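*Asks:* quick one, structure for this:
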Amino acid sequence: MASGSELPTELRSFLSACIDSIESMEVLIGLRASARPWTAREVSGAFNLGENASRSVLEALVARGLVGVHKHDELAYFYDPKSDNLRRYTDLLAQHHAIDRNAVVAFVSSRSRGALKSFSDAFDLREPKP
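*Replies:* Residues are numbered from 1 along each chain as shown. As a prediction, this is how the structure comes out:
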């Protein structure tokens, strides 16, 4: 089983820049595999997320240029990388996810925990240690 450090450098860089949670990764891979647009409600049901959480994940993926959105009765999201590089990196993610999901999840998870710790440290109001 590969460790996060055994993931290709370009995949680790892509994950660090574009994927901030396991949910984001799973939704991106799911949209990539689908031939149709999904609403936040559908993503919520398929990925066991709250509808607000699904909407946040989807909007973050749109902002990063990985997912497109259009309006019908409600917003619908679809896989639509804005560059060939983003498409290539997403393909690389999907390939490694299929081969060794645990290594990819471990890498994303370790980054998520680090971001959460940094955020919580910003609110640490204790006196500095001498």
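*Asks:* what's the closest non-adjacent residue to residue 32?
*Replies:* Counting by C-beta to C-beta, 6 or more residues apart in numbering, residue 32 lies nearest to residue 79, which is 4.6 Å off, once chain neighbours are set aside. In this view, the C-beta of every residue, glycine as well, is placed from N, C-alpha and C.
*Asks:* what's near enough to touch that neighbour?
*Replies:* Applying C-beta atoms under 8 Å, 6 or more residues apart in numbering, one finds that residue 79 lies in contact with 28, 31, 32, 34, 66, 67, 68, 90.
*Asks:* please report phi then psi for it.
*Replies:* Torsion angles at residue 79 (phi, psi; degrees, to the nearest 10) stand at phi -70, psi 120.
*Asks:* mind listing what's buried in the lowest-mean-pLDDT helix or strand in the chain?
*Replies:* When the helices and strands of the chain are scored by mean pLDDT, DSSP states H and E, helix 84-121 comes last with a mean of 81. When burial is assessed from 16 or more other C-beta atoms under 10 Å, helix 84-121 yields the following buried residues: 86, 89-90, 92-94, 96-97, 100, 103-104, 106-108, 111-112.
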